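Undergrad: next input, structure requested:
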Amino acid sequence: MKSLWNDQEAAKYPSELGMRVYTSRLLGADPELVLHGGGNTSVKAREKDFYGEETDILYVKGSGWDLGTIEEAGFAPVRMSALLKMAEMTELSDTDMVAQQRAAMLNPSAPTPSIEAILHAVIPAKYVDHTHANAVIALTNNPNGEAIIQEVYGGRVIVVPYVMPGFILALEVNKRLKEKGDLSGIDGIILMNHGIFTFHDDARRSYELMIELVSLAENYITERAPEVKPPASKEIAEDLKTLAKVRKLVSEKRGGAVYALWNHDQNAIEYSLLDGLGSVANQGPLTPDHVIRTKRVPLIVSAEPEADVAGFEEDYRKYFEANTDGSQTMLDTAPRWAVWPGYGSISFGSTLPEAQIIADITSETMKTIQQVEGALGGWRALPAKDIFEIEYWELEQAKLKKAGVAKPVHQGKVAIVTGSAAGIGFACAEQLALQGAKVIGLDLNPEIEEAMAGIGGVGMVVNLTDEEKVVAAINDTVRRFGGLDILVSNAGIFTAGAHLEDLEQSNWDKSMAVNLTSHQVLLKHTIPYLKLGIDPAIVLVGSRNVNAPGAGAASYSCAKAGLTQLCRVAALELAPQGVRCNIIHPDAVFDTKLWTPEALARSAERYGMTVEEYKARNLLKTEIKSRDVGLMVAAMASPLFGKTTGAQIPVDGGNDRVI
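TA: Numbers count the residues shown, from 1 in each chain. Okay, the predicted model is just below:
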């Protein structure tokens, strides 16, 4: 591990708190040290309070801040006197500790101080750094952990057996510091199964002590690691239907759709093929605080995922019942990640950021466990009871009881929307995205990539009449996010008008290829995944012309009529699998690129109307916009239409020919 210290960069942070920000970011830049909010840092300072009185303050990382991006505002200023008084108490609940720390803050609008604030206060050094360094945890999560730590560090560190983080840990560290007395020659504190502290009155020295001590652990592991031959290159095994099935089963246990991020890198594949995988993976997480994200153990996927998920639920209930004191509320029984032998791992999250955080944590977990198994002869996590205490910590339970904010209706869902670079298609994609879905837009227009990026989606340039490209796009969607729940088949063209006797065959053939056959091909290849989707729904975009055709529009009207019939057949075929299929018939949607101001003016003039009158030439005298269609499509894909299939829904302001 290398120091990232840079004198020129450091000079940009002249104050004590500024220097604290700088070295915290250096720590946070390395995933081998901290991940996603892990670790904490502090600096002790003497400043004037609101009344102008000199006060000793601990600036400690605030809850919710990440070391990699922390700013001065991310540190909570707490009076040292209050923290040191709490350190001398014999009993203090974590809830009271948090309350008293907030009461002792100089700035009440600052974030809640880290639960390790008292521990930082009792360490007699200006700068204190705490990480969950993988290499150090690898040494401690071993049957011979304490002996190995002694071999690596000798008398340079104080070793603290695992105790519950928070107040109890602060008391234990305080006690051992007092017993040690003289801390000269002490460069750090190793918390067994938890992490490492380094400290010094100089910010750079404290940071570089962390790098130095972690590097010693890394070197110890490397020296003992068996020689590994590079694997022969081969194609990754792929089973997308099983991936989608596992996602569906986990979503059902979670009580809502989740994303399933499949990790098939070398690290994940090798971990999934470990000898004795069950005994290794089922011991527990790398460090106990990970349990809040990952649960204690992963799901292990076999050829029978239904039985696997049911077994995970049963085991989780047993784990809860064996460790609860009766005061806790059991969390959901769904796994947060899975090991898939031969295929790698899967991380589940109701949002993509949640799933990605779990993926990052479990990737480091798999790597570290393999290091321990290979170099140190065995992995041993904390007992289940200790992990349970963190998972069901009173502070976490308090968060659970305060929960209740309604989730977006499509949160966790995956949607494909075709023809979504602009117009009605983009409006549909945008509304689904606003309501929580991850949208994959398919369009022949290269602008699709930028359009979808603007709504947090993924754009793919695809010719929907090219079956091979369509299949590749569908597979890529499932490969990225784990499944498919919503299909909005919107792509279409309006072919040039001509009476039947003058209609060119190419006009008819092109309309049928784009406006009908491409939808049939899309259905053919998405249906296997939609059957494994969460509240799966198909919405086809038809036209008012189906029920009120016009002369000279045979190729367009007949294709849309065929699409409507296709919807009805799909509704009949897919209802037994719980997949709904409905069609929407918009009309006179003028806020698209197809309708230029000049074209609108010409059409209005033809009807003897102003442009505004022409836009609202329906029974309700209202203008129909792309957003109106998008809102309806998002609703039709939601539980609001959960009892409806095979329906034709007009969005046309009322048309006397249709009615």
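
Undergrad: alpha carbons only for contacts and neighbour counts from here, please
TA: Will do.

Undergrad: domain assignment for this protein?
TA: 7-224, 240-402, 414-589+625-651, 592-623 (automatic domain parsing).

Undergrad: which element is P77 on?
TA: For P77, the element it lies in under DSSP states H and E is strand 75-79.

Undergrad: what sits up against that strand?
TA: Identification of contacts with strand 75-79 by Cα atoms under 8 Å, 6 or more residues apart in numbering yields 42, 55-62, 101-102, 104-107, 110-113.

Undergrad: which strands or helices does the host helix or strand of R480 pack on?
TA: Taking DSSP H and E as the definition, R480 sits inside helix 467-481. Under the contact definition 3 or more Cα pairs under 8 Å, 6 or more residues apart in numbering; DSSP states H and E, helix 467-481 sits against helix 240-254, strand 259-263, helix 518-530.

Undergrad: out of these, nearest to T69?
TA: Taking Cα to Cα as the criterion, T69 comes closest to strand 259-263 out of the helices and strands packed on helix 467-481, the separation being 24.6 Å.

Undergrad: hmm, back to that, how about the domains of the chain, which one is nearest I659?
TA: domain 414-589+625-651 (9.1 Å).

Undergrad: pLDDT score assigned to the nearest residue to G74 once chain neighbours are set aside?
TA: Spatial nearest neighbour of G74, excluding adjacent residues (Cα to Cα, 6 or more residues apart in numbering): G62 at 5.4 Å. As summarised for this prediction, G62 has a pLDDT of 94.

Undergrad: and G62, backbone torsions?
TA: As for G62, its main-chain torsions (degrees, to the nearest 10) stand at phi -90, psi 150.

Undergrad: so who does it touch?
TA: Taking Cα under 8 Å, 6+ apart as the criterion, G62 is in contact with 74-76, 110-114.

Undergrad: in TSV: the residues you listed, plus neighbour count and distance to D386.
TA: Formatted as TSV, those follow (neighbours: other Cα atoms under 10 Å; distance: Cα to Cα, whole Å):
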residue	neighbour count	distance to D386
G74	22	30
F75	27	29
A76	28	29
A110	17	31
P111	20	28
T112	22	25
P113	26	24
S114	24	20
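
Undergrad: and for V414, the neighbour number?
TA: Applying the criterion other Cα atoms under 10 Å, we find 29 residues in the vicinity of V414.

Undergrad: if you could redo that for N267, that was the one I meant.
TA: 16.

Undergrad: ok, D332 next?
TA: By other Cα under 10 Å, the residues close to D332 number 12.

Undergrad: surely it is in contact with S251?
TA: No. With contact defined as Cα atoms under 8 Å, D332 and S251 do not form a contacting pair (10.9 Å).

Undergrad: what about the chain, any weak spots by pLDDT?
TA: Applying pLDDT under 70 to the chain flags the ranges 227-235, 396-405.

Undergrad: what about 80?
TA: 37, 225-237, 374-375, 377, 394-406, 496, 593-594 (pLDDT under 80).

Undergrad: show the contacting residues for E172.
TA: Contact analysis of E172 by Cα under 8 Å, 6+ apart lists 160, 163.

Undergrad: any idea how far it lies from P161?
TA: Distance, E172 to P161, using Cα to Cα, to the nearest Å: 9 Å.

Undergrad: and if you look at M105?
TA: When distance is defined by Cα to Cα, M105 is 31 Å away from P161.

Undergrad: repeat for V98
TA: Between V98 and P161 the distance is 24 Å, computed by Cα to Cα.

Undergrad: re earlier: now render the contacts of G62 as TSV, adding distance to A647.
TA: Rendered in TSV, the data for the contacts of G62 read as follows (distance: Cα to Cα, whole Å):
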residue	distance to A647
G74	53
F75	56
A76	57
A110	54
P111	51
T112	52
P113	55
S114	55
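
Undergrad: part of a strand, is G441?
TA: Yes. Assessed by DSSP: H, G, I helix; E, B strand; the rest coil, G441 belongs to a strand.

Undergrad: and for it, the neighbour number?
TA: Burial of G441 is recorded as 28 neighbouring residues (other Cα under 10 Å).

Undergrad: again, but for the one 10 residues further on
TA: Look at A451: counted by other Cα under 10 Å, it has 20 neighbours.

Undergrad: determine which two of the contacts of G62 are furthest apart.
TA: Farthest-apart pair in those is A110 and S114; separation 11.7 Å (Cα to Cα).

Undergrad: what segments of the stretch 501-650 of the chain are strands?
TA: Using DSSP state E, counting those that start in this stretch, the strands assigned to the stretch 501-650 of the chain run over residues 537-541, 580-586, 648-651.

Undergrad: now do the buried residues in the shortest one.
TA: The one in question is strand 648-651. Under the neighbour-count criterion of 16 or more other Cα atoms under 10 Å, strand 648-651 has 648-651 buried.

Undergrad: alright, that wraps it up for me.
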